[in-house]
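Student: Build me a structure from this.
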Amino acid sequence: AGAAEAFLVHQAEHLRRVSGWRAEAPDWFVEAVESPWERRYADSGGAKIHYRVRGAAGAPGVVLCHGNAAHSGWWDFIAPALAQDYRVAAMDFAGMGDSEERALVTPDGFVEDIVQVIAGMDFAAPPVLVGHSFGGGMSMRLAADRPELIRGFIMMDSPVYPPDAPRNSPPRVAKRLYPSREIALERFRLIPEQPVVTPYAVRYIAEDGVMETPKGWTWKARTNIFGHPAFGPAFWAEQRDYFPRVQAPTTVFWGAESALCTPATMEFMKSIAPPGTGFVEMPGAYHHLLLDKPQETAAMLKTMIAGY
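Tutor: From the prediction side, this is the model:
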């Protein structure tokens, strides 16, 4: 495992594709997403896993894992603040973002993606692992089975549901092709649905998450776990078994208005959490707290990471 390819991203070319958000974005946001980053790849199960690197070599490490059907660009306005003090890698899971697809879609495969990015970064010491939603669920498994690889774990709005919790089946998101980029962007929606608190941030991640194919425009999230058999009821039962077995120091960080981390779910998680687990609620934020309150999220993450 390791960095198969590394070069500085040409920011002008990248931002030419990601520009519709500029009219309403505040200066701090523009400065953050225009900051340079290095593109790298690691091999995981035969797929090239893409990740964006920021921060000084030799600084303490942080690895950022996105949610389902998302991509590493979701961290572009969070990672630069962390990179002031840390060496930061924001990764794309296989079949999402700019990573290659893998034929076999399993939780173990996604966990291995994280393992290989950590190996590729060659940190001087184990990093802090931060995972949002689906990325938090995969990171939790690594924190239980491979705790020696990390020095701490932050689980962002990533629910572990009570066994008797009523749950609606997540929407099955079919692969769609659109005749133009503009039509694709018009159709972009957050899942689960929630109020759009920062339209410029949502527009940014949408523009960075769409790609052109010979047959039309589609989303970079070619692999989507919604409705996938490997992520059915048995998966959620396993998540309940994994959480109490987490061996790395852990903080659970969630949005107070989250549709997934509800009060009942959070009470259950507190009841089965490993000893010493911290619980931090973000007031006024929904499930996508890094979009809802990006500056506050970055500041709170810096405080949590500094505690490990």
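
Student: and the nearest residue to Arg54 once chain neighbours are set aside, how far is that from Ile114?
Tutor: Using CB to CB, 6 or more residues apart in numbering and skipping the chain neighbours, the partner closest in space to Arg54 is Ala83 (3.8 Å). For glycine as for every other residue, the C-beta is placed from the backbone atoms N, C-alpha and C. Plainly put, Ala83 is 19 Å away from Ile114 if you go by CB to CB, to the nearest Å.

Student: Between those two, point out the one with more neighbours.
Tutor: Each of Ala83 and Ile114 has its neighbours counted (other CB atoms under 10 Å); Ile114 has more, 28 against 20.

Student: hey, where'd the helices end up in the chain?
Tutor: 11-17, 27-34, 79-82, 107-121, 134-145, 181-186, 199-207, 233-242, 263-272, 289-292, 294-306 (DSSP state H).

Student: Any chance of TSV for those, columns mean pLDDT?
Tutor: TSV is the format used below for these (pLDDT from 0 to 100):
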stretch	mean pLDDT
helix 11-17	44
helix 27-34	97
helix 79-82	98
helix 107-121	98
helix 134-145	98
helix 181-186	94
helix 199-207	96
helix 233-242	95
helix 263-272	98
helix 289-292	98
helix 294-306	98
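
Student: List the contacts of the residue minimising distance to the centre of the chain.
Tutor: Nearest residue to the geometric centre of the chain (CA atoms, centre = their mean): His66, 1.1 Å. Going by CB atoms under 8 Å, 6 or more residues apart in numbering, His66 touches 72, 74-75, 90-93, 96-97, 132-135.

Student: Just give me the closest of those to His287.
Tutor: Relative to His287, the closest of the contacts of His66 is Ser133; by CB to CB it sits at 6.9 Å.

Student: Who does Val128 form a beta bridge with?
Tutor: Val128 forms beta bridges with Val62, Gly152, as assigned by DSSP bridges.

Student: Could you report the distance from Pro199 to Leu291?
Tutor: To Leu291, Pro199 is 10 Å away according to CB to CB.

Student: got it, and Ala56?
Tutor: Distance from Ala56 to Leu291, by CB to CB: 27 Å.

Student: likewise Trp219?
Tutor: 17 Å.

Student: Same check on Gly135?
Tutor: Distance, Gly135 to Leu291, by CB to CB: 14 Å.

Student: Neighbour count for those two, which is higher?
Tutor: Per other CB under 10 Å, whichever of Gly135 and Leu291 has more neighbours is Gly135, with 28 against 25.

Student: Skip the chain neighbours and tell me the closest residue to the more buried one.
Tutor: Nearest residue to Gly135, sequence neighbours excluded (CB to CB, 6+ apart): Cys65, at 3.2 Å.

Student: so what's the one you found up against?
Tutor: Met91, Phe93, Ile114, Leu129, Val130, Gly131, His132, Gly135, Gly136, Met138, Ser139.

Student: out of these, who's nearest Lys215?
Tutor: Nearest to Lys215, judged by CB to CB, of these is Phe93 at 23.7 Å.
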